[in-house]
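Asker: take this sequence and fold it.
(one chain, ligands or ions: 2)
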Amino acid sequence: MASSRLPILIALAFSSLPFVLSHSNRVMWFQDFFPPNVCPINAKANTFYGIMFDAGSTGTRIHIYTFVQKSPENLPELEGEIFESVKPGLSAYADQPEKGAETVKKLLDMAIDAVPPHLWKKTPVVLKATAGLRLLSEEKAQALLSEVKEVFEESPFLVPEDSVGIMDGSHEGILAWITVNFLTGQLSGQNQQTVGTLDLGGASTQITFLPRFEETLKETPGDFLTSFEMFNSTYKLYTHSYLGFGLKAARLATLGALNMEVVDGQMFHSSCLPRQLEAEWHFGGVKYRYGGNKEGETGFKPCYLEVLKVVKGKLHQPDEIRGSSFYAFSYYYDRAADTNLIDYEQGGVLEVRDFERKAKEVCDNMERYNSASPFLCMDLTYITALLKEGFGFRDNTVLQVNQRKELQNPLLPLLFFKPFTCHEADTHKGRVDAIHKAFLIHKNVKGKYQEKKKQK
Ligand SMILES: O=c1[nH]cnc2c1ncn2[C@@H]1O[C@H](COP(=O)(O)OP(=O)(O)O)[C@@H](O)[C@H]1O
Ligand SMILES: [Ca+2]
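Answerer: Numbering: from 1, shown residues only. Ligands and ions are numbered 1, 2, ... in the order given. This next block holds a predicted model:
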């Protein structure tokens, strides 16, 4: 993050991303998550901490934040972050929730070392799970979450009431959009030209952009639109999370194995895999056997047809995006960097057709690329089909594929708000109200939008 922006931090930055749903159609971000002494009085310099877990489908990550508040008048500044991750993600322990929670405990032990003992009780700890847990049955997901909650409660840290839960898919999209557009300076000043975001996770994928045309708002299903207020502006965003369309879930779908009761020894085949391949793969706590088409076809053409079945007609295609450029990350970045389409460090700018070109190159020469990952052909072909046939992007749509670590920081948007000063936020209620005013998310924007039109 550009260090000049660091001072724009808010006192509650560390207080997690709870996304508490309120009784109305509003989503509140912080309610009930305020550690008592955020705004110390008469303190010259005060350091405090916050612990956030991002429980993704492919891995669990811990962010331990340190904030320093130099004087009661100033807002705290982010001083540092300790980051660690483990694989696989929690959903791999669907049938062993205690073991899953063990992985969280190991990461949490790092926080015991990082946070001074006298601050343990004031340091909130939060875990937000994404698509891996959304794909599990309610019962299995809850079992995992309650084991995690127990681990938190046995720890010396502050455990807010809603500290462990599954994050709403649309919030994932909004967070990414805010992060990218804030970091690129689009949310401040005049002439805002925001950029849309594409996040390709393991189990779900998100698309988010700010529609420029009324037509888009009219044609979009209501639950794809979310509005929020920030820095005194209202943004009506198009955002949607497609569950089961993450890269790894798409592999299973292509193999015909997604949501299947896998029979022992059952083998799944695909023309997207090296002909002679026979292997095993674990995902979401299930073991899959898979391999190439020993006799049938292999290569880009048959693979594209296979993958097409997974995406064609399954996604909403907003016309407006065809000509715009998007910011793409997660597996878009990983696969582009793996195949030298972009630089690992710098990221780069691509067109959709570059993914297709690379997919052809890899799929039609699978023996050569086999050593990297047997799924490379399938992954690149899926990305191509998802972008073109799924979302409806043109071949020449420009994608900025940049890996910025901050993008993976689920707390970052909270660091941008400056909704109140410490003086205004002396009371718990004062803080909640201030945050409320500063940042609201409304659901069902379409309903509202139509109502407004009728009134006109
Ligand atoms: O902290 C991070 N740093 C870098 N990349 C990350 C981080 N967290 C997730 N990713 C990227 O996200 C993708 C995996 O998605 P994830 O496991 O979060 O699935 P989900 O979003 O579908 O639950 C990979 O491309 C991985 O590189
Ligand atoms: Ca993710």
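
Asker: what sits closest to residue 335 if chain neighbours are left out?
Answerer: residue 379 (5.4 Å; CB to CB, 6 or more residues apart in numbering). In this view, the C-beta of every residue, glycine as well, is placed from N, C-alpha and C.

Asker: measure that neighbour to ligand 1 for me?
Answerer: Distance of residue 379 to ligand 1, given as CB to the nearest ligand atom, to the nearest Å: 11 Å.

Asker: does that residue count as helix, strand or coil?
Answerer: Secondary structure state of residue 379, per DSSP: H, G, I helix; E, B strand; the rest coil, is helix.

Asker: can you give me the neighbour number for residue 218?
Answerer: Neighbour count of residue 218, defined by other CB atoms under 10 Å: 12.

Asker: A strand includes it, no?
Answerer: No. Counting by three-state DSSP, residue 218 is not part of a strand but helix.

Asker: ok, now how distant is it from residue 320?
Answerer: Per CB to CB, to the nearest Å, residue 218 is found 11 Å from residue 320.

Asker: what's the answer for residue 196, then?
Answerer: For residue 196, the distance to residue 320 equals 9 Å [CB to CB].

Asker: out of these two, name the residue with the larger neighbour count.
Answerer: Neighbour count, other CB under 10 Å: between residue 196 and residue 320, residue 196 has more, with 25 against 19.

Asker: for the closest residue to that one other than its chain neighbours, grab phi and psi.
Answerer: With sequence-adjacent residues excluded and distances taken as CB to CB, 6+ apart, residue 196 is closest to residue 209, at 3.0 Å. In terms of degrees, to the nearest 10, the main-chain angles of residue 209 are phi -160, psi 170.

Asker: begin at 2 from here
Answerer: With 2 as the first residue, the last one maps to residue 210.

Asker: my guess is residue 210 meets residue 327, correct?
Answerer: Yes. With contact defined as CB atoms under 8 Å, residue 210 counts as touching residue 327 (7.3 Å).

Asker: give me the common contacts of these two.
Answerer: The contact sets of residue 210 and residue 327 overlap at 196-198 (CB atoms under 8 Å, 6 or more residues apart in numbering).

Asker: confirm that residue 328 sits in a strand.
Answerer: Yes. Residue 328: assigned to a strand according to three-state DSSP.

Asker: pretty sure it is touching residue 399, no?
Answerer: No. Using CB under 8 Å, residue 328 is not in contact with residue 399, being 10.0 Å away.

Asker: if you count what's nearby, which of those two comes out ahead?
Answerer: Neighbour count, other CB under 10 Å: between residue 328 and residue 399, residue 328 has more, with 27 against 15.

Asker: show the contacting residues for that one.
Answerer: 181, 196-199, 400-401, 403.

Asker: list only buried entries from those.
Answerer: Listed as buried from the contacts of residue 328 are 181, 196-199, 400-401, 403; burial here means 16 or more other CB atoms under 10 Å.

Asker: for the residues you listed, point out the one with the lowest pLDDT.
Answerer: Within the buried ones among the contacts of residue 328, pLDDT reaches its minimum at residue 403, with 80.

Asker: contacting residues around it?
Answerer: Counting by CB under 8 Å, 6+ apart, residue 403 has contacts 328, 330, 334, 347-349.

Asker: next one: it from residue 349, what distance?
Answerer: Residue 403 is 8 Å from residue 349, where distance means CB to CB.

Asker: which phi and psi does the residue of the stretch 202-351 of the chain found nearest ligand 1 have?
Answerer: Of all residues in the stretch 202-351 of the chain, residue 202 sits closest to ligand 1, at 2.4 Å by CB to the nearest ligand atom. Dihedral pair for residue 202: phi -90, psi -170, per degrees, to the nearest 10.

Asker: check residue 156 too.
Answerer: Main-chain dihedrals, residue 156, degrees, to the nearest 10: phi -80, psi 170.

Asker: quick one: contacts for it?
Answerer: 109, 113, 121, 126.

Asker: how many other residues sit next to residue 114?
Answerer: 8.

Asker: which strand or helix spans it?
Answerer: Using DSSP states H and E, residue 114 falls within helix 98-115.

Asker: so where do the helices sit in the protein?
Answerer: Remark: helices assigned in the chain by DSSP state H are 98-115, 132-136, 139-155, 170-184, 215-220, 248-256, 301-312, 332-339, 353-364, 367-370, 377-386, 413-417, 429-439, 446-456.

Asker: hey, which of these is tucked in deepest?
Answerer: Stretch with highest mean neighbour count among these: helix 377-386 (a mean of 28; mean count of other CB atoms under 10 Å).

Asker: beta partners of the closest residue to residue 397 other than its chain neighbours?
Answerer: Distance criterion CB to CB, 6+ apart; nearest residue to residue 397, sequence neighbours excluded, is residue 352 at 5.2 Å. For residue 352, the beta-bridge partners under DSSP bridges are residue 399.

Asker: and residue 352, what does it touch?
Answerer: 396-400.

Asker: and the residues you listed as a markdown table, adding distance to ligand 1?
Answerer: Formatted as a markdown table, the contacts of residue 352 follow (distance: CB to the nearest ligand atom, whole Å):
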| residue | distance to ligand 1 |
| --- | --- |
| 396 | 24 |
| 397 | 25 |
| 398 | 20 |
| 399 | 20 |
| 400 | 15 |
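
Asker: the closest residue in space to residue 325 that isn't next to it in sequence pairs with what?
Answerer: Closest residue to residue 325 apart from its sequence neighbours, by CB to CB, 6+ apart: residue 197 at 6.1 Å. Beta-bridge partners of residue 197, counted by DSSP bridges, are residue 327.

Asker: for residue 322, see how far away residue 197 is.
Answerer: Distance, residue 197 to residue 322, by CB to CB: 7 Å.

Asker: between the two, which contacts overlap?
Answerer: Contact criterion CB under 8 Å, 6+ apart; residues shared by residue 197 and residue 322: 208, 210.

Asker: which residue lies nearest the spatial centre of this structure?
Answerer: Closest residue to the average C-alpha location of the chain: residue 173 at 4.6 Å, with CA atoms, centre = their mean.

Asker: wait, what's in contact with the residue lying closest to residue 96 once chain neighbours are set aside?
Answerer: Closest residue in space to residue 96, ignoring its immediate chain neighbours: residue 286 at 5.6 Å, by CB to CB, 6+ apart. Residue 286 sits next to 92-97 when contact means CB under 8 Å, 6+ apart.

Asker: report the buried members of those residues.
Answerer: The neighbour-count test (16+ other CB under 10 Å) marks 92-95 as buried among the contacts of residue 286.

Asker: and the one residue in the stretch 302-451 of the chain that gets nearest to ligand 2, what's its pLDDT?
Answerer: Here the stretch 302-451 of the chain gets closest to ligand 2 at one residue, residue 331, 6.3 Å apart by CB to the ion. Reported pLDDT at residue 331 in the predicted model: 92.
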